[in-house]
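[1] Got a predicted structure here, sequence first:
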Amino acid sequence: MSRYAAMFDRLNREGAFGAFLMLGDPDLATSARLLDEVVRAGADMIEVGIPFSDPVADGPVIQAAAQRALAAGVRVADCFDLIAALRARHSDVPIGILTYANIVVARGGFMRDAAEAGADSLLIADVPALEAEPYVREMEQGGLEPVLIAAPNTPDATLRRIASLSKAYTYCVSRAGITGTHAAGSFDRGLIDRLKAAGAPPPVFGFGISTPDHVRAALATGARGVICGSAIVERLSRGGAAGELVGLLKSATSNDKARNDSGAQ
Amino acid sequence: MRLSGRFGRFGGAYVPEILVPALEQLEAAFLDAQDDPAFAAELNGLLANYAGRPTPLTRCRNLPANIYLKREDLLHGGAHKTNQVLGQGLLAKRMGKTRLIAETGAGQHGVATAIVGSLLGFETVIYMGAEDVERQKLNVFRMELMGATVVPVESGGRTLKDAINEALRDWSASFESTHYLLGTAAGPHPFPTMVREFQRIIGREARAQIEEQLARLPDAVVACVGGGSNAIGLFADFLEDDVRLIGVEAAGKGLDGEEHGATLLRGTPGVLHGAETYILQDGDGQIADTWSVSAGLDYPAVGPEHAHLKDSGRAHYVGATDAEALAAFKALAEREGIICAFESAHALAHALKLAEAEPDSIILVGLSGRGDKDVAQAQALLA
């Protein structure tokens, strides 16, 4: 069983909490320490960004994180080393990579290297379902589970395509636009229902999740988890502690109301 | 999508999933408009009576007389950009959009978009690198004079590619009301195909004009390539003919260094701004900084159709350095009384070499824009 499948099994009706960190932000040593910190604080799955110079799906917070990492001289090979070290310390936590197509294309054998480092999944922000097939094939050959994005405006035919191509989870964007804390999501129950009807992998909400209320609202739609990125990265960039926020948001995933609502689908 | 959006292995639509429906809507509107005589009539009316088409074909009198200049510098707005902003503006109306966004480098495409925003009644927002806003104050004022809002982009290197990033981010949130009026034949499908079709008129007119004047086709067609819209527009109607097609990239301070914008000559395949194409990048896939004396050629990617024309061998790509372009700029002003854009001067620089090597060849040059925007810089560089 894959680490994601085992995690969703273990959590049962409790929501999965995914913490996103940009690898190498602000430097390699700090990044390694932060990865540990968010696992210890209760993150169920870790999503890691490999920095790209031109991240068009990201808002100012994640852009700045990528810039800090690149300015520190972080290379893709360093990112794989960080993943390998995290995997060595935590054998069960699912690790997903989020990056952009050009980073993947530029490195022959990216999928294999990522899987060997210990990553479980890969989401390429600028590869929609329309273009995903060759990438998905390579991921499967390399030993990674493909993750695709579903948005409120994604038509059913595309959701069915996502269902047939992807594995670990379905990354649901809660609103139009880019990553960031500038606007909360409007967690669309309709999207979750349509994904379930399409037979897609477990839906997990991202974009605009920064408070326990957001977590509860997202899970109340029947989503199986949430991913928080910008709020964590922003707090870190201001010298705050990630663990505290992760603990707070994670505690909202076992909220009884969310459990009842998601049970009443 | 109804069309493949591929040029050989290049092209495609590499955008976040949320933007795919917007691209599908745009493709549908474009294809429907192509079949609608009323759309063609309105566009052609604007091209003729507002923008000033057809543009002349000028035979050089004092520079080598086998050089013929397709005079897009005489178009309203001062460059070929106006052809396609009118097309996209009318499409945006058809789709019921009320707001236009665009990226701009030195400001030519921003000015063109501000023109169409004013003419057709859109709210218009132009993203422009903060560095470029500083350097191009006059163009910022032009855009604002025509009612557009100019947003300085502070991210990345604060130039054209960062402005495109920011426009794509805006569009990800605003596509319901907003059309992204991309400025060149690059980006995700359907932009490369659509922009080529709206720019095809350059080559169609030039072909008819040269046939009328000489009763034959040219031997070579030469155009500068940044994103590649004026080149693809000039090339499109010659693709099936026995005519050499030559694209001239910015060799900047020299192709052996890193300060150039020669994507096809020095880049490698990758994915940027929605398309698989040639890209200037490092070994990790991080996008490189580029350099050219002309802002319009200072871009690390290139339209995917040019990538395919290069690989298939149908077109040939060369470089012209800053110094060569400046010399051509000066020669055209001194000898022919025409002040052209620095971008167009790259095409002319290669044409002058070609004319010397092949005095019997007929050479058609895309003079894509006028040089008003560059005179202050030229004054500093030539002093």
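    Received the coordinates, thanks. Residues are numbered from 1 along each chain as shown, chains lettered A, B, ... in the order given.
[2] Going by C-alpha atoms from here, please, whenever you check contacts or count neighbours.
    Noted.
[3] so the closest residue to residue A:56 other than its chain neighbours is in which element?
    Leaving aside its sequence neighbours, residue A:56 sits nearest to residue B:165 (C-alpha to C-alpha, 6 or more residues apart in numbering or on different chains; 5.2 Å). Here residue B:165, judged by DSSP states H and E, is contained in helix B:160-174.
[4] what pairs with the very next helix or strand once past that helix, and is each one parallel or antiparallel?
    Using DSSP H and E, the helix or strand that directly follows helix B:160-174 along the chain is strand B:178-180. Applying DSSP bridges, strand B:178-180 is found paired with strand B:99-104 (parallel).
[5] how distant is the partner strand from the center of its chain?
    15 Å (C-alpha atoms, centre = their mean, to the nearest Å).
[6] ok, now stretch B:90-97?
    On C-alpha atoms, centre = their mean, the centre of stretch B:90-97 falls 22 Å from the chain's centre.
[7] If you count neighbours, what's buried in it?
    B:90, B:91, B:92, B:95, B:97 (16 or more other C-alpha atoms under 10 Å in any protein chain shown).
[8] and which of those residues is nearest residue B:206?
    Closest approach to residue B:206 among the buried residues of stretch B:90-97 (C-alpha to C-alpha): residue B:90, at 24.4 Å.
[9] Wasn't that closest one part of a helix?
    Yes. Counting by DSSP: H, G, I helix; E, B strand; the rest coil, residue B:90 falls inside a helix.
[10] low-confidence ranges in the chain?
    By default, I'm working from chain A. For chain A, applying pLDDT under 70 flags the ranges A:255-265.
[11] Tell me how many other residues surround residue 110.
    Picked chain A for this. 19 (other C-alpha atoms under 10 Å in any protein chain shown).
[12] oops, chain B please
    31.
[13] can you pull the contacts of the nearest residue to it once chain neighbours are set aside?
    Leaving aside its chain neighbours, residue B:110 sits nearest to residue B:104 (5.1 Å; criterion: C-alpha to C-alpha, 6+ apart). Going by C-alpha atoms under 8 Å, 6 or more residues apart in numbering or on different chains, residue B:104 touches B:110, B:126, B:127, B:128, B:129, B:160, B:163, B:164, B:183.
[14] Now with 7 Å, please.
    Neighbour list for residue B:104: B:110, B:126, B:127, B:128, B:160, B:163 [criterion: C-alpha atoms under 7 Å, 6 or more residues apart in numbering or on different chains].
[15] now it: how far from residue B:299?
    According to C-alpha to C-alpha, to the nearest Å, residue B:104 and residue B:299 sit 11 Å apart.
[16] Identify the contacts common to those two.
    Common contact partners of residue B:104 and residue B:299 (C-alpha under 7 Å, 6+ apart): residue B:160.
[17] Could you export the helix or strand that contains residue A:9 as PDB, CA atoms only?
    Using DSSP H and E, residue A:9 maps to helix A:3-11. Provided in PDB are the C-alpha atoms of helix A:3-11 (Å, rounded to 0.1, in the frame of the first residue of the first chain):
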ATOM      1  CA  ARG A   3       2.100   5.900   2.000                       C
ATOM      2  CA  TYR A   4      -0.800   8.100   1.000                       C
ATOM      3  CA  ALA A   5      -3.200   5.200   1.000                       C
ATOM      4  CA  ALA A   6      -1.900   4.100   4.300                       C
ATOM      5  CA  MET A   7      -2.300   7.600   5.700                       C
ATOM      6  CA  PHE A   8      -5.900   8.000   4.600                       C
ATOM      7  CA  ASP A   9      -6.600   4.600   6.000                       C
ATOM      8  CA  ARG A  10      -5.100   5.400   9.300                       C
ATOM      9  CA  LEU A  11      -6.800   8.800   9.600                       C
END
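[18] packing partners for the very next helix or strand once past that helix?
    Downstream of helix A:3-11, the first helix or strand assigned by DSSP H and E is strand A:16-22. With contacts taken as 3 or more C-alpha pairs under 7 Å, 6 or more residues apart in numbering or on different chains; DSSP states H and E, strand A:16-22 sits against strand A:45-49, strand A:225-228.
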